[in-house]
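Enquirer: Here is my input; please provide its structure:
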Amino acid sequence: MKKVRLADVADLAGVSMKTVSNVVHNYPHVTPEMRRKVQQAIDDLGYRPNLTARRLATGKTGMIALAIPEIDHPYFSELSRYIAEEASRLGYRVIVEQTLSNPEAERAVLNDREAGLVDGVIFHPVRMQSMEVARLQRDVPVVLLGESTMPVTADHVMIDNVVAAQEGVRHLVGEGRRRIAFLGMVSGDTTGSTDQRLLGYQQGLVDAGMTPDPDLVLSVSDFTPEESSRAVAHALASGVAFDGLVCRDDRFATGALFALRQAGVQVPRDVAVVGWDDTELGRWASPPLTSIAPDKRELAATALALLRERIDGYHGIGRHRIVSHALTIRESAPLGAPAFQSR
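Expert: Residues are numbered from 1 along each chain as shown. Coordinates of the predicted model:
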C-alpha cells in the first residue's frame, strides 16, 4: 500500500502543506473549521505523521508514556482510558507501559527507557521511594501518581486517602455499624496507599468515639481477591465479629463478598461492605459495591495539564495536586439499612 504523504492530505483538503502541518502539530492559530477539514482528510486517507521527522522539526514526538503497575487492575485500566481520552483531546498519543511493581522496571521509566521516544511520562511508582525518585536524572518531563510520599521537586497528583477512609467509616457508623473491620494489611506492601487508608480508618473510628481494635484489621499475603476472601473466611471461622467492613480496594471487597456469602452472612443486613476505587468490577458485584470513588477523569485531566506545562517549558518546583473523591452508595452499604440487631 502506498504511503500517504503530507502533500496527499493537503491535496484532498484543498489547503497548503503548511496548514496541514499546523493541524498535525496542534498549533493554536488554526481555525476550527480549517482544523475539522484537514482532520477529515487525515482520517479519510489514514495519514500517520512521521515521528522522526516531527521530532527533528519540532523537538517533540506528540507521544507520551503512561507507566502503571498492572494493566489488568480495574482501577488502572479505567484510569488509563481517561488519560488516553484526555491525551487525544490535547493532540497526544499514549504508550502504556506495565512495570509490575518491579523496582528495575520503575527505575528504567525515569532513567532512559523513554528518552527520545516520548515528550513526557505519567508514572505511578510502587517500589521507588521519595529520595530515589528525587536523585534520578530525568531528561523527560514526568508527573507522578499514587499515594506514596513524593519529592517536592516532582509534580504529583493524588486523592486524600486519609480523609476518604474517614468518610467510609463515617458512612458505616451513620448506618448503625459498631464493629467495623479493615481489609487489609498486605504483607510487604510498600505502596503507601494501604497505610494511609488504614490511618483514615482508625481516625474515623476515633472520631466516632470508638477504640480501634487490632483484631479487626485483617491481614492478607497479596493483593488478590482470593487472598482477601481467605482472610475474611479465616476471621469468621476464628470468631471475629464485625458488622461493617472497609476494604482497601474493590478487588478485596469482591473477595470479601464471596467469603461472606459462602459463610451465610448476608450483605448488607449482617455486614455492610465499602470498597475503594469505584470500578466496573464493584459496580457489577453481588450486591453492587458502595465504594470510595476517586474522580479518575479529574485525575487524568490534572496530570495531563501539569505534564503539558512541563513539556512546554515549565521548570519550576513540583506541584502537588489533590483531586476530588466521593462515596458512591450502592446495595452493599446502602442508606437506611442498619445492622441486624439480633446478631
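Enquirer: per-residue confidence at Cys115?
Expert: Let me fix one detail, which is that residue 115 is Ala and not Cys. Confidence at Ala115, expressed as pLDDT, is 59.
Enquirer: The one 5 residues further on now?
Expert: The predicted structure scores Gly120 at 92 on the pLDDT scale.
Enquirer: how many neighbours does it have?
Expert: Around Gly120 there are 25 other residues, counting by other C-beta atoms under 10 Å. Placement of C-beta: from N, CA and C, glycine included.
Enquirer: same thing with Cys247?
Expert: A total of 31 residues lie near Cys247 under the criterion other C-beta under 10 Å.
Enquirer: check contacts around it.
Expert: Under the criterion of C-beta atoms under 8 Å, 6 or more residues apart in numbering, the neighbours of Cys247 are 182-184, 228, 253, 256, 273-276.
Enquirer: among those residues, which ones are buried?
Expert: For the contacts of Cys247, a burial check counting by 16 or more other C-beta atoms under 10 Å picks out 182-184, 228, 253, 256, 273-276.
Enquirer: Would you mind measuring from the spatially closest residue to Tyr47 that is not a sequence neighbour to Arg48?
Expert: Spatially, and ignoring its direct neighbours in sequence, Tyr47 is nearest to Val4 (4.5 Å; C-beta to C-beta, 6 or more residues apart in numbering). Distance of Val4 to Arg48, given as C-beta to C-beta, to the nearest Å: 7 Å.
Enquirer: Neighbour count: those two, which is higher?
Expert: Just comparing Val4 and Arg48: by other C-beta under 10 Å the higher neighbour count belongs to Val4, 16 against 10.
Enquirer: Now do the same contact list for the more buried one.
Expert: Taking C-beta under 8 Å, 6+ apart as the criterion, Val4 is in contact with 45-48.
Enquirer: Swap in 10 Å and give it another go.
Expert: Applying C-beta atoms under 10 Å, 6 or more residues apart in numbering, one finds that Val4 lies in contact with 12, 41-42, 44-48.
Enquirer: rewinding a little: tabulate the buried ones among the contacts of Cys247 in a markdown table, adding columns for distance to Val23, secondary structure and pLDDT.
Expert: As requested, the buried ones among the contacts of Cys247 are exported to a markdown table (distance: C-beta to C-beta, whole Å; DSSP: H, G, I helix; E, B strand; the rest coil; pLDDT from 0 to 100):
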| residue | distance to Val23 | secondary structure | pLDDT |
| --- | --- | --- | --- |
| Phe182 | 52 | strand | 98 |
| Leu183 | 51 | strand | 97 |
| Gly184 | 51 | strand | 90 |
| Ser228 | 50 | helix | 97 |
| Ala253 | 46 | helix | 98 |
| Ala256 | 51 | helix | 98 |
| Val273 | 50 | strand | 98 |
| Val274 | 47 | strand | 98 |
| Gly275 | 44 | strand | 98 |
| Trp276 | 42 | strand | 98 |
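Enquirer: Redo the residues you listed as JSON lines? Include distance to Asp213.
Expert: Written out in JSON lines, the entries for the buried ones among the contacts of Cys247 read as follows (distance: C-beta to C-beta, whole Å):
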{"residue": "Phe182", "distance to Asp213": "10"}
{"residue": "Leu183", "distance to Asp213": "14"}
{"residue": "Gly184", "distance to Asp213": "14"}
{"residue": "Ser228", "distance to Asp213": "19"}
{"residue": "Ala253", "distance to Asp213": "20"}
{"residue": "Ala256", "distance to Asp213": "18"}
{"residue": "Val273", "distance to Asp213": "18"}
{"residue": "Val274", "distance to Asp213": "17"}
{"residue": "Gly275", "distance to Asp213": "21"}
{"residue": "Trp276", "distance to Asp213": "21"}
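Enquirer: Could you list the low-pLDDT ranges of the stretch 51-200 of the chain?
Expert: 51-59, 112-116, 136-138 (pLDDT under 70).
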